[in-house]
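Peer 1: here is a sequence together with a model predicted from it:
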Amino acid sequence: MGHESDWRTASTNSAYDVFSEENGYELSFVDCDNDSAKQLEAVRNFIQQGLDYIIIDPIVSTGWDAVLTECEDAGIPVIIIDRTIDDSDKYVSWVGSDFKVEGLACGEWLKAYAADKGITEINALVIEGSTGASATIGRTDGFKEIADREGWTILDSQSGDFTEAGGQEVMESYCQSYAGQFNVVICQNDNEAAGAMTAMDNAGVTYGVGGDVILVSFDANKPYVQMVMDGKINANFECNPMAAPTVAEIIQQLEAGETPEKEIYVTESWFAAEDNVATITVNGEEQDVIYVTQEVLDARPY
Ligand code: AHR
């Protein structure tokens, strides 16, 4: 896909670790710099090279059927990781996150947190991820579902492209357009949250525990779980980047002539700076919210 975020670096490192020569793999890796056309070209090059398996982390969720048909015609099994493909099922397996559940969890946590703090009005600003990415679509839909149900106001929702620079730019414009009107900022990844913090610092807006604004992030990369522990980010909803070990298992199953599962969800946790919300209910299932202590932080793998 690219190198737009700390999360992506963790995902890429995981692929290099798992698909190493030492582990018996020859890995061809292309960084597509978040460019969908480049990604389709990379897949076609892999077909030309006659590789045994193609693993794709789709930048956007549509526009895939033609190239996946070409993979199928060439007899090369495709495994999808992280984001979903929504207009074709011509792949063996997908391994990744339920992005809508992440967005729902964020909304349910905010509801419980606001109730505990006696906050009766929510005026939220959302910094979305890259347009057309299933991670963006799921998180946006999930949070909006709760916002609509609870009667919250989403003042604005614009893309920060999952980057720190993008998050800062969007937040700078929000600070000008909505000065004094917002009490919640939802950043759809950690890098955007870093950019939003810089913009709010420059605008004199306080955030986090005891601040004017409740700041929420997604991904929960270790440095940002540290920021949760430090009270700068109120809550962080994990997106697990460790798909590669599961992909290796899928490849082993295919090598053994077995049929892997079509959809495999990675496990994810929710982290908070305060211990006032211990559990939330998402899609009818009670889930823990982890209060971040040094012990929790030390145990984070990435
Ligand atoms: O698809 C996963 C998302 O993409 C992560 O939340 C984000 O950090 C990355 O760029």
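Peer 2: Right, received. Where do you want to start?
Peer 1: any idea which element residue 176 lies in?
Peer 2: Here residue 176, judged by DSSP states H and E, is contained in helix 164-177.
Peer 1: where does pLDDT dip in the stretch 1-150 of the chain?
Peer 2: With pLDDT under 70 as the threshold, the stretch 1-150 of the chain has no low-confidence stretch at all.
Peer 1: pLDDT score for residue 185?
Peer 2: Note for residue 185: predicted pLDDT of 99.
Peer 1: which SS state does it fall under?
Peer 2: The three-state label given to residue 185 by DSSP: H, G, I helix; E, B strand; the rest coil is strand.
Peer 1: my understanding was that it contacts residue 217; is that so?
Peer 2: No. At 9.3 Å, residue 185 does not count as touching residue 217 under the criterion of CB atoms under 8 Å. To be clear about C-beta, it is placed using only N, CA and C from the backbone, and glycine gets the same treatment.
Peer 1: re the thing from before, which neighbouring elements make contact with the helix holding residue 176?
Peer 2: Applying 3 or more CB pairs under 8 Å, 6 or more residues apart in numbering; DSSP states H and E, we find helix 164-177 packed against strand 123-128, strand 153-159, strand 184-187, helix 190-203.
Peer 1: so which bits of the chain are right by the ligand?
Peer 2: 4, 5, 7, 8, 82, 83, 135, 162, 189, 218, 219, 239 (CB under 6 Å from any ligand atom).
Peer 1: most neighbours among those residues, which one?
Peer 2: Across the residues of the chain next to the ligand, the neighbour count under other CB atoms under 10 Å reaches its highest value at residue 189, namely 33 neighbours.
Peer 1: wait, is residue 45 part of a strand?
Peer 2: No. Counting by three-state DSSP, residue 45 is located in no strand; its state is helix.
Peer 1: how about the helices in the stretch 1-150 of the chain?
Peer 2: 6-18, 36-49, 65-73, 99-117, 134-150 (DSSP state H, counting those that start in this stretch).
Peer 1: how far off centre is the fourth one?
Peer 2: The chain centroid and the centroid of helix 99-117 are separated by 16 Å under CA atoms, centre = their mean, to the nearest Å.
Peer 1: and it, what does it pack onto?
Peer 2: If contacts are counted by 3+ CB pairs under 8 Å, 6+ apart, helix 99-117 sits against helix 134-150, strand 214-219, strand 235-238, strand 270-272, strand 279-282.
Peer 1: same question for the last one.
Peer 2: With contacts defined as 3+ CB pairs under 8 Å, 6+ apart, the packing partners of helix 134-150 are helix 99-117, strand 123-128, strand 153-159.
Peer 1: same check, this time on the second one
Peer 2: Contact analysis of helix 36-49 by 3+ CB pairs under 8 Å, 6+ apart lists strand 54-56, helix 65-73 as its packing neighbours.
Peer 1: which parts of stretch 29-36 are buried?
Peer 2: Residues 32, 34, 36 are the ones in stretch 29-36 that count as buried (16 or more other CB atoms under 10 Å).
Peer 1: ah, wrong one, I meant stretch 163-171
Peer 2: Buried residues in stretch 163-171, counting neighbours by 16+ other CB under 10 Å, are found at 163, 164, 166, 167, 168, 169, 170, 171.
Peer 1: tell me which residues touch the fourth one, please.
Peer 2: Shown here is residue 167, whose contacts under the criterion CB atoms under 8 Å, 6 or more residues apart in numbering are 127, 160, 187, 191, 192, 193, 194, 195, 196, 199.
Peer 1: which two of the residues you listed have the greatest separation?
Peer 2: In terms of CB to CB, these reach their longest pairwise distance at 191 and 199, which sit 13.1 Å apart.
Peer 1: higher neighbour count, the two?
Peer 2: residue 191 (28 against 21).
Peer 1: low-confidence stretches in the stretch 151-300 of the chain?
Peer 2: Per-residue confidence for the stretch 151-300 of the chain (pLDDT under 70) gives no ranges below the cut-off.
Peer 1: rewinding a little: got the helices and strands packed on helix 134-150 as a markdown table, with mean neighbour count columns?
Peer 2: Rendered in a markdown table, the data for those read as follows (neighbours: other CB atoms under 10 Å):
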| stretch | mean neighbour count |
| --- | --- |
| helix 99-117 | 21 |
| strand 123-128 | 24 |
| strand 153-159 | 16 |
